[in-house]
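Asker: Using only what follows, build the 3D model:
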Amino acid sequence: MRRIAARLDVQPSALYWHFANKQELLAELADRITASIPRGSNGVLAAARGIRDALFSYRDGAELVLSTYALQLGSSHAQAVLTEALRAQGATEADDRGAALLHFVLGHATLVQQRMHADSHGALPDAGEADVTAGLDRVFDLGVAALAGGLSTSATPPRARA
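Answerer: Residues are numbered from 1 along each chain as shown. Sure, this is the predicted structure:
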């Protein structure tokens, strides 16, 4: 809170004029991250990738959104996007599948971001020149397909991450 206040050139107590506590402020940040997720994606896999890409757009974005979601704070935009994509493809139990898919996306994105963060600080075992996230896009796609329950998840190949 002190760093945020300093960046805004205000006293930390001034933040509490707008937010009751730190968790409420973080929930607002999480909502801003997930607000960029496009609705009406071309399939379940595209919707899941859209969420993952939004999370990857911010350092620790996945962890922030995951912790906010775990505390049942903020909006449910990300889950709504997945549920809509599932319904559009005729999925049964779209609400529950949407929740399960969101849990998977949040967990997977958090794992990838933590691995990248650890690598940037030299905290991973030396893997030579290998990309520390090699193969994880394929794992992501397989997980989404498994949770989509046999629905078509076809979409364009995954975009390279920065």
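
Asker: Identify the residues contacting Pro38.
Answerer: 50, 81 (CB atoms under 8 Å, 6 or more residues apart in numbering). C-betas here are computed from N, CA, C, even on glycine.

Asker: does it count as helix, strand or coil?
Answerer: Following DSSP: H, G, I helix; E, B strand; the rest coil, the label given to Pro38 is coil.

Asker: so is Thr92 in a helix, a strand, or just coil?
Answerer: coil.

Asker: Find the helix or strand that the residue most central in space within the chain is a member of.
Answerer: Nearest to the geometric centre of the chain sits Leu55, at 3.9 Å (CA atoms, centre = their mean). Using DSSP states H and E, Leu55 maps to helix 44-56.

Asker: What are the boundaries of the helices in this structure?
Answerer: 2-8, 12-15, 22-34, 44-56, 61-70, 77-88, 94-120, 136-148 (DSSP state H).

Asker: list the buried ones in the fifth one?
Answerer: If you call a residue buried by 16 or more other CB atoms under 10 Å, then helix 61-70 has these buried ones: 61-69.

Asker: Could you do the second one as well?
Answerer: Using 16+ other CB under 10 Å as the test for burial, helix 12-15 gives Leu15.

Asker: on contacts alone, who are the packing partners of it?
Answerer: Packing contacts for helix 12-15, counted by 3 or more CB pairs under 8 Å, 6 or more residues apart in numbering; DSSP states H and E, involve helix 2-8.

Asker: Closest one of the buried residues of helix 61-70 to Ala35?
Answerer: Val65 (11.2 Å; CB to CB).

Asker: measure that closest one to Tyr58 for me?
Answerer: 9 Å (CB to CB, to the nearest Å).

Asker: With Met116 instead?
Answerer: Taken as CB to CB, the span from Met116 to Tyr58 is 13 Å.

Asker: try Leu82
Answerer: Using CB to CB, which is the criterion applied here, Leu82 is 20 Å from Tyr58.

Asker: Could you do Ala99 as well?
Answerer: 23 Å.

Asker: what's the answer for Ala100, then?
Answerer: In terms of CB to CB, Ala100 sits 24 Å off from Tyr58.
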